[in-house]
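*Asks:* sequence and predicted structure are below.
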Amino acid sequence: MTKALIRKIKKIDNYRIFQNWKPSGNVEFARVNLIYGQNGSGKSTLASLMQGCAKYANEQFTDGENERAEIVGAGLQLQACDPSSSPASEISTISLDDRDFWGRVRVFNKDFVRRNLRFDEPDGPQPQALLTVGERVAEAEKRIEVLDSERKTAQHDLEIAESAYKNAKKNVSDLGTKVAKEIGDRLSGAPGFNQRSYNRTKVEALLKRFEGIPTILDDASAAPSTDSVFAKSRALQPIQIQPRNTLLEQNGLDGARQLLAASIVSNRHVGELVGHPDRSRWVQEGIGLHERLEECLFCGGGLTSDRRDALNAHFDESFKNLQARIDDLIERLEVSVKASKTYLDALPDDSKVYEDLREDLRKARQTYATEHGDYLKAAETISVALKEKKDNPFSSPALPSDLALVAPSSAALEKVIKDHQSKIEDHENEAKKAATRVEHYYVKNAADEYVRLKNEAESKHAARNELEAQVNKLNEQIAALQNVEGDPIPGATELTEGLRRLLGRDELKFSAQDSNHYTIKREGSPATHLSEGEQTAIALLYFLSSVREDKISGDPPIVIIDDPVSSLDNEILFGVSAHIWSEFIDNTYASQLFLMTHNFELFRQWLIQLEARQQYEDCNYAAYEMTPVYAPRGRDEFLRKPRLARWETDKDRTKVLRSEYHFLFSKVAHAVADRREDETKADQLMELALIPNAARRMLEAFLSFRCPNRVGSFHVALEEVMNSAPNLDMTVRTRVEKYLHAYSHFDGGNFSQPLRLNEATTVLRSLFQLMYCLDSRHVSSMCEALSIEEHKLLGMLTPVASKG
């Protein structure tokens, strides 16, 4: 269990008057911390920030997200340490997310009073554990009657709103059902599409996604009829085409040119045959027919051996070999042409491939046919030349120089077949995509209507929820009045005794009204119009009871108390001071205490007591003062920021602790006497920000001795003493009257506002000149006691005889 204490404030980023704020380096907190600061110094704002962090840790925000956002944005960081361990090893940074730490922080301030206790106000804040009611229980019953009437009206309105919301919600559902049916009807029978399981839930899910990502329906079908047909179609059959044999190309042309250029090597030629291919062919065929014959079958003439030998020499082996090679090439050309033609004839019909490939197939077939025709013509040209060479081997027939023998390309056809096969393999996926496009088409068409109906349903839902929240709130209010949890009887006894000690009187008594309520009575009658001090005292007692060891589970608390004594109820100062001292100094169940006050007398009492206790016991305390400072933020523009500094306890500082009057006299006198010619506006604002209030309180104290019968009548007393001082300089009187009318607390003036810079020193000096005129020895004695240079304070005032 950690017992970490707040060592220092590291920073506050953004919280009201605290903007990018860091304290001075010598501010390190002790177990008991006493902080004095006048109104406007930032003291209560700091307490409010600590309270907000504690609320954040316990999720107790009552003002909603605005309060939460303000605390989160404050950026508060503390430095904490465990006093039981080595400081170097146990110093840590505390931020808002350290919930265990903030769960120990308890803050008492005006907001605590407002939130935790309800006094006379019919709509006052509700307590967390005890309900304190200042009026009779009958008033609560009246309130219940009013709330119950409101609840019945709200309940009736809620029933109407509930019906309207259900109808609007049904309209959204009906649209989803309608679209789902349209999609189901269109895609019925599509592979992978289950019409039975397709319903409005899927449509609504798609529409919700469309609201967040409008691009998801960009693929909606532009031709839903075509896509739906494809989505329901089956894959086509594969196409098998026998591979085409290798065709003669340039190699065949080159071979033909070689054969056509070949020569017959022979020593003897028959002249009648050379240059006559028809004769040569006729004679060559006739040699075989006249084998073993003595006479020519054509003319009947004799065939001599010499003639036979001459013809055989003409048609020798080289002649025959050339003819054989020519026949072979011609045959190979014919085979190639036939193979190309067979491949062309075997191509599939357009209807055998997917529709989007049919045009490609038609074009590829046409191209192949054209190329085949060119190939056929080239082969025939070559064959004609070769046959001529065969019939007349001694000739050299020539082929055209630009003749090309190029086989028809099958690449385009093969690509179509390959694409067709890919589509077969991917048909299922493509069919699903087509189905999705159809689905998106119908959903997209319904999107605008869906958004309209959905917005209408949400509007009805919001109205219904608002009424439901209103009914719930009324129920909670009625229940809070009828049956608040908690047993007030122990609290009543404790509060009665504690209030007697705080107030020094026993006129207020708490008694149980029933099991859940108690009343406050003053001298036997219901107590109404409790003073601010009485309310604060009751709230303080409740606060103290909530932080005692037996009321807290977990680690010892860190207690922050802000202004426990009201400026309008100073008579309870001593009782409150003693009670807090008893709770947190004499007892040690709280690990750390911060007592913040604008009441100098309370601050003075505690500081004197702590210094005295320190003489014989280490009570580990520190005292600080919080004041506003002004920093330039632009031309003639200044930013007010709090300054937290140690309250030094040297000899001069101790003088001002003799009384609150000493402190106020010192503060206002120094603001006048310490003026420098080279001061900037920021310096003047820094010193004069809170002087009007201090000056009034100083004058009140002075006048309480000069006019004891006018205590509480500041305006009357001041007029009376000025009228009793006939030798008072008229300029002084004029300035004091101007100050009186501008800043009189009882005439509605605002003593928290700063004086105008161009008149501040003159007006404040006039107050001391008035006091000097009334009692010069007193003013001189105060200046001597507080080490203030009298001539700087009074200026050029000529001393006059004092009545004092």
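*Replies:* Arrived safely. Numbers count the residues shown, from 1 in each chain.
*Asks:* doesn't Ala622 make contact with Glu28?
*Replies:* Yes - applying C-beta atoms under 8 Å as the test, Glu28 and Ala622 come out as touching, 7.4 Å apart. In this view, the C-beta of every residue, glycine as well, is placed from N, C-alpha and C.
*Asks:* how about the helices in the stretch 101-250 of the chain?
*Replies:* Taking DSSP state H, counting those that start in this stretch to define them, one finds helices in the stretch 101-250 of the chain at 110-116, 137-187, 200-212, 224-232, 250-261.
*Asks:* do you know which of these lies nearest Asn39?
*Replies:* Shortest distance between Asn39 and the helices of the stretch 101-250 of the chain, using C-beta to C-beta, is found for helix 110-116: 12.2 Å.
*Asks:* may I have that closest one exported as CSV, CA atoms only?
*Replies:* Extracted C-alpha coordinates of helix 110-116, given in CSV (Å, rounded to 0.1, in the frame of the first residue of the first chain):
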residue,chain,number,x,y,z
LYS,A,110,-17.8,25.5,-1.7
ASP,A,111,-18.6,23.0,-4.4
PHE,A,112,-18.5,20.2,-1.8
VAL,A,113,-21.1,22.1,0.2
ARG,A,114,-23.2,22.6,-2.8
ARG,A,115,-23.1,19.0,-4.0
ASN,A,116,-23.4,17.2,-0.7
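*Asks:* list the buried ones in that helix?
*Replies:* 110-113, 115-116 (16 or more other C-beta atoms under 10 Å).
*Asks:* how does the protein divide into domains?
*Replies:* 5-126+529-646, 143-235+430-470, 249-263+322-409, 267-315, 651-794 (automatic domain parsing).
*Asks:* okay if I get those as CSV plus mean pLDDT and distance to Ile424?
*Replies:* Compiled in CSV, those are given as follows (pLDDT from 0 to 100; distance: least, C-beta to C-beta, whole Å):
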stretch, mean pLDDT, distance to Ile424
domain 5-126+529-646, 83, 61
domain 143-235+430-470, 86, 5
domain 249-263+322-409, 89, 8
domain 267-315, 64, 57
domain 651-794, 76, 86
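*Asks:* how about those domains in a markdown table, adding distance to Arg522?
*Replies:* Conversion of the domains of the chain to a markdown table gives the following (distance: least, C-beta to C-beta, whole Å):
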| stretch | distance to Arg522 |
| --- | --- |
| domain 5-126+529-646 | 9 |
| domain 143-235+430-470 | 22 |
| domain 249-263+322-409 | 98 |
| domain 267-315 | 153 |
| domain 651-794 | 23 |
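*Asks:* of those domains, which is nearest Glu523?
*Replies:* Proximity to Glu523, assessed across the domains of the chain by C-beta to C-beta, is greatest for domain 5-126+529-646 (13.5 Å).
*Asks:* ok so, going back, Leu495: which of the domains of the chain is closest?
*Replies:* domain 5-126+529-646 (5.5 Å).
*Asks:* could you identify the longest strand within the protein?
*Replies:* What stands out as the longest strand in the chain, according to DSSP state E, is strand 621-634.
*Asks:* sheet-wise, list the partners of it with their directions.
*Replies:* According to DSSP bridges, strand 621-634 has the following sheet partners: strand 32-36 (parallel), strand 637-646 (antiparallel).
*Asks:* going on from the first one, what's the next piece of helix or strand?
*Replies:* Tracing the chain C-terminally past strand 32-36 and defining elements by DSSP states H and E, one meets helix 43-58 next.
*Asks:* after that next one comes which helix or strand?
*Replies:* Downstream of helix 43-58, the first helix or strand assigned by DSSP H and E is helix 65-74.
*Asks:* for stretch 439-459, list every residue counted as buried.
*Replies:* 439-444, 446-447, 450, 453-454, 456-457.
*Asks:* just the ones of those residues in helices?
*Replies:* Using DSSP state H, the subset of these located in helices is 439-444, 446-447, 450, 453-454, 456-457.
*Asks:* between the residues you listed, which sits nearest Gln77?
*Replies:* Lys454 (45.1 Å).
*Asks:* hmm, back to that, quick one: which of the helices of the stretch 101-250 of the chain is nearest His427?
*Replies:* Of the helices of the stretch 101-250 of the chain, nearest to His427 by C-beta to C-beta is helix 224-232, at 9.1 Å.
*Asks:* what packs against that closest one?
*Replies:* Applying 3 or more C-beta pairs under 8 Å, 6 or more residues apart in numbering; DSSP states H and E, one finds that helix 224-232 contacts helix 137-187, helix 427-482.
*Asks:* and it with helix 137-187, angle?
*Replies:* If you take axes from the mean of the first three to the mean of the last three C-alpha atoms, to 10 degrees, helix 224-232 sits at 80 degrees to helix 137-187.
*Asks:* who's in contact with helix 224-232?
*Replies:* Helix 224-232 is contacted from outside by 186-191, 193, 221, 430-432, 434-435, 437-438, 441-442, using C-beta atoms under 8 Å, 6 or more residues apart in numbering.
*Asks:* re the thing from before, quick check: which of the helices and strands packed on helix 224-232 is nearest to Leu786?
*Replies:* By C-beta to C-beta (comparing all of the helices and strands packed on helix 224-232), the closest turns out to be helix 137-187, at 54.3 Å.
*Asks:* got the end-to-end distance for stretch 345-353?
*Replies:* End-to-end distance for stretch 345-353, by C-alpha to C-alpha, to the nearest Å: 16 Å.
*Asks:* now that stretch, how far from the centre of its chain.
*Replies:* The chain centre lies 62 Å from the centre of stretch 345-353; the measure is C-alpha atoms, centre = their mean, to the nearest Å.
*Asks:* for it, buried residues please.
*Replies:* 347-348, 352-353.
*Asks:* and which of the residues you listed is nearest Arg200?
*Replies:* Val353 (39.8 Å).
*Asks:* residues touching the nearest residue to the closest one once chain neighbours are set aside, list them.
*Replies:* Nearest residue to Val353 in three dimensions, chain neighbours excluded: His420, at 4.6 Å (C-beta to C-beta, 6 or more residues apart in numbering). Neighbour list for His420: 236, 238-239, 353-354, 357 [criterion: C-beta under 8 Å, 6+ apart].
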